[in-house]
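*Asks:* Could you look at this predicted model? Sequence included:
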Protein chains: 2
Amino acid sequence: MVKMKHKKIRMTRQRGVILEELRAVKTHPTADEMYEKVKKRIPRISLATVYRNLEVLCGLGVIQKLDITGRQKRFDADTSNHYHIKCIKCGKVDDLYSARPDAIEKAVEDHRGYEVLGHRLEFEGICPKCREAGGKEPDTQ
Amino acid sequence: MVKMKHKKIRMTRQRGVILEELRAVKTHPTADEMYEKVKKRIPRISLATVYRNLEVLCGLGVIQKLDITGRQKRFDADTSNHYHIKCIKCGKVDDLYSARPDAIEKAVEDHRGYEVLGHRLEFEGICPKCREAGGKEPDTQ
DNA sequence: GTAATTGCAAAAATTTTGCAGCATT
DNA sequence: AATGCTGCAAAATTTTTGCAATTAC
């Protein structure tokens, strides 16, 4: 049974605001954090709607879900091929536009017989602020 | 208030078997999958014990938690600096030992002021088997 | 003997789903 | 008017926690 998806996507106020708010931040919010943001503009919105829309927007390729563990999933309105670096102390996730993705992907391709569609390079380290602050316990995110 | 951790780690049967079973596979099981494996050898073990031990073993650096999204977290007994590649169709996660981590990390370091402790490079693509099989729907993991 | 660890059950946290009414096209 | 979408509430999933009993050292 093939799953047909001829659904026409409509632009609702909720969907629009969610996208706008995600685009407005440079952080990588969780569904829950998005809910809080959006609720300021649409007080009666439900968390379920936020979850559903983030999923829809991912499906459209308009936003992306990050491949970063933690208890909650995180989303990013920037779908360009950039990297993330996460601080193991405070848990913050920063963007990283430096390296050269294309070369890396090409190097991988034949080794494995995979068709490489993309990749994510996640660095783990300690951010400048935490380096100054010194010996705190690592954040458990 | 600094959190002291002077706890002495003991080697229990449960802990040993969990480590053994994780080392025995080349897949990247979820806590739940580990529970099923271990239950065959220790039928009365509880899922909570599996979660607690995977966490402890991660803390010891003996195993690692993967930075791959999905509903459940995944674990790997191989803590060497290797990569993972995930098929967006079947969801399988393979190991990848090819590239040269050190060079990549060094290139990143000064850009950001981060102290880079490690990184994970996650490729996304379609595995050989799925390429043959052709146009299935992508797996939602 | 002491304190870490376990199993169990219950709670917490996160995400998904059913459904009747509403809104977009 | 048709059907995609919403809010709500309830369910499902995944992970964590409290506690008394057990076990490793």
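*Replies:* Perfect, I can see it now. Residues are numbered from 1 along each chain as shown, chains lettered A, B, ... in the order given.
*Asks:* Tell me if stretch A:31-50 is near chain B.
*Replies:* No. Stretch A:31-50 lies out of reach of chain B by Cβ under 8 Å from any Cβ of the partner chain, never closer than 12.4 Å. C-beta coordinates here come from the backbone N, C-alpha and C atoms, glycine included.
*Asks:* what's the first-to-last distance across that stretch?
*Replies:* End-to-end distance for stretch A:31-50: 7 Å, by Cα to Cα, to the nearest Å.
*Asks:* Can you mark which positions in that stretch are buried?
*Replies:* A:31, A:33, A:34, A:35, A:37, A:38, A:45, A:49, A:50 (16 or more other Cβ atoms under 10 Å in any protein chain shown).
*Asks:* Stretch A:35-55 - what's its average pLDDT?
*Replies:* What stretch A:35-55 shows for mean pLDDT is 95.
*Asks:* got the contact list for that stretch?
*Replies:* With Cβ atoms under 8 Å, 6 or more residues apart in numbering or on different chains as the test, stretch A:35-55 has contacts from A:13-15, A:17-18, A:21, A:25, A:29, A:31-32, A:34, A:63, A:65, A:75.
*Asks:* Quick one: buried ones out of these?
*Replies:* A:14, A:15, A:17, A:18, A:21, A:29, A:31, A:34, A:63, A:65, A:75.
*Asks:* Just list the residues touching the last one, thanks.
*Replies:* What it means is residue A:75. A:22, A:28, A:29, A:30, A:31, A:34, A:54, A:58, A:63, A:64, A:65, A:66.
*Asks:* and if we set it to 7 Å?
*Replies:* A:22, A:28, A:29, A:34, A:54, A:63, A:65, A:66 (Cβ atoms under 7 Å, 6 or more residues apart in numbering or on different chains).
*Asks:* In helices, which of these fall?
*Replies:* Secondary structure from DSSP state H places A:22, A:34, A:54 of these in helices.
*Asks:* Dump those into TSV; add distance to DNA strand D as well.
*Replies:* Output for those, formatted as TSV (distance: Cβ to the nearest atom of the strand, whole Å):
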residue	distance to DNA strand D
A:22	14
A:34	12
A:54	10
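*Asks:* So which of these is the closest to DNA strand C?
*Replies:* Lowest distance from DNA strand C to the ones in helices among the contacts of residue A:75 (Cβ to the nearest atom of the strand) belongs to residue A:54, with 8.0 Å.
*Asks:* neighbours of the closest one, just the number please.
*Replies:* For residue A:54, the count of nearby residues is 23 (other Cβ atoms under 10 Å in any protein chain shown).
*Asks:* What separation do you get for residue A:73 and DNA strand C?
*Replies:* If you measure residue A:73 against DNA strand C using Cβ to the nearest atom of the strand, to the nearest Å, the figure is 4 Å.
*Asks:* Where do the domain boundaries of chain A fall?
*Replies:* Listed by automatic domain parsing, the domain ranges of chain A are A:2-76, A:83-132.
*Asks:* ok and the residue in chain A nearest DNA strand C?
*Replies:* For chain A, Cβ to the nearest atom of the strand, closest residue to DNA strand C: residue A:48, 3.1 Å.
*Asks:* where's that residue, which helix or strand?
*Replies:* helix A:47-59 (DSSP states H and E).
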